[in-house]
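Peer 1: I would like the atomic coordinates for the input below:
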Amino acid sequence: MASVFNDDLVQIIDLTISYSLPGSAPVRAVDHASLEIHRGEVIGVLGESGSGKSTLAAAILRLLPPNAHYDDGSIMFRGGNLLALAELELRTVRGKEISLISQDPALSVNPVIRVGDQISEVVRAHLAMNGSERRQHVEELLRAVGFDLPRQIYSAYPHQLSGGQRQRVGIAQAIACRPVLVIADEPTSKLDASLQAEILALLCEIRKRDGTAFLVISHDPTIFPGLADRIVIMYAGQVVEEGKTADIFRRPLHPYTQALVRLSERYFASVPGSHARFPAINGEAPDLTRIGGGCRFEPRCPERMQVCTNCDPRELTPEPFHRVSCFKYGN
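Peer 2: Prediction:
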């Protein structure tokens, strides 16, 4: 898909990933997904649990569990395929050029190591600094992510910090080597609303200051306005829609995207008579071990047609910078 951003950073091309399960058919968690991430851009990936969005994100850093299989496709970064790199080569990419902010801040840090020492280890692995230089660099990072007393935080253990503070530490760790891309997997899902707003504002600040690109994974549509340039919608392992954030909210094309927008609190609050029953998406996501032909959203779709049952929709671009896989827009 073409973009207003000209500098390709990561290109995910027809990526297919499956999981082997004992006594069961393989689960195709990502099915021929394609996505471009451009330098300095924030991409949101939106979908229900099990849609494949976290698998897609972890695949970029090759952090999937042993029972995951890269069946097809490529992930291009700086002219090379990340899926073809040896583990030693990957270590020069992880943390330094592409880093990760995990979903649970409590699990992203070691409970028995001081916060500053954990961040310092990332710096030591990738940057040529002596001990005092690393200490100064880490304290500057802690200040940059919002700590007024960085020396005190440096010496603290994770259990002495709140959830929001631990997430800030995780962000400091992720940006320690000024990577060109940060993958944030549900970075606010464990936080209350006020802390969510603070963390999202911090990501925007880092993007503006350092030119860092972000791939932000979420099941919550409301975090993306004001944060993401584009949103990718995933359903049952497939990318079903992608567009500029404003277009996704103003003119969602795919019936699944339309349902997600209706479900968002921001949209619901703007509807007159908001005392109405909160909307829901009828039905359940498909069993990914039993995927056949046809559109995967068809059983839940209020606009389904006969062709949706028998054929897979192909990707179309009915509007500039807006792609969708749905028979409503042609065959």
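Peer 1: residue ranges with poor pLDDT in the stretch 51-200 of the chain?
Peer 2: 105 (pLDDT under 70).
Peer 1: Swap in 90 and give it another go.
Peer 2: The stretch 51-200 of the chain contains residues with pLDDT under 90 at 78-79, 102-111, 163, 188-195.
Peer 1: Okay, helices next: where are they in it?
Peer 2: With DSSP state H, counting those that start in this stretch, the ranges of helices along the stretch 51-200 of the chain come out as 53-60, 87-91, 115-126, 131-144, 150-154, 163-174, 193-210.
Peer 1: Roughly how far does Ser155 sit from Cys204?
Peer 2: According to Cβ to Cβ, to the nearest Å, Ser155 stands 29 Å off from Cys204. No exception for glycine: its C-beta is placed from N, CA and C like everyone else's.
Peer 1: for Gln152, same thing?
Peer 2: In this view, Gln152 and Cys204 are 26 Å apart by Cβ to Cβ.
Peer 1: How about Glu87?
Peer 2: Distance from Glu87 to Cys204, by Cβ to Cβ: 34 Å.
Peer 1: When the two are compared, which one has more neighbours?
Peer 2: Cys204 (14 against 8; other Cβ atoms under 10 Å).
Peer 1: neighbours of the closest residue in space to that one that isn't next to it in sequence, just the number please.
Peer 2: Once flanking residues are discounted, Cys204 sits nearest to Leu227: 6.2 Å by Cβ to Cβ, 6 or more residues apart in numbering. Neighbourhood size, Leu227 [other Cβ under 10 Å]: 19.
Peer 1: so Leu227 sits right up against Glu41, yeah?
Peer 2: No: at 11.4 Å, Leu227 does not count as touching Glu41 under the criterion of Cβ atoms under 8 Å.
Peer 1: For Leu260, which residues are in contact?
Peer 2: Leu260 makes contact with 46, 221, 233, 252, 281 under the criterion Cβ atoms under 8 Å, 6 or more residues apart in numbering.
Peer 1: And Ile113, by the same measure?
Peer 2: Tyr157.
Peer 1: what about Arg62, neighbour count?
Peer 2: Arg62: 16 surrounding residues under other Cβ under 10 Å.
Peer 1: Pick out the residue closest to the middle of this protein.
Peer 2: Ile217 (2.6 Å; Cα atoms, centre = their mean).
Peer 1: pretty sure that one contacts Val182?
Peer 2: No: Ile217 is not in contact with Val182 according to Cβ under 8 Å; the separation is 11.5 Å.
Peer 1: Tell me which helix or strand Val216 sits in.
Peer 2: strand 213-218 (DSSP states H and E).
Peer 1: Would you map the helices across the stretch 201-331 of the chain?
Peer 2: Going by DSSP H, counting those that start in this stretch, the stretch 201-331 of the chain shows helices at 245-250, 255-263, 265-270, 306-310.
Peer 1: least reliable of these going by mean pLDDT?
Peer 2: Among those, helix 265-270 has the lowest mean pLDDT, at a mean of 58.
Peer 1: just to revisit the earlier point, what residues are up against the residue nearest to the centre of the chain?
Peer 2: So Ile217 contacts 44-45, 53-54, 57, 183-186 (Cβ under 8 Å, 6+ apart).
Peer 1: how does it look with 7 Å?
Peer 2: 45, 53-54, 57, 184-186 (Cβ atoms under 7 Å, 6 or more residues apart in numbering).
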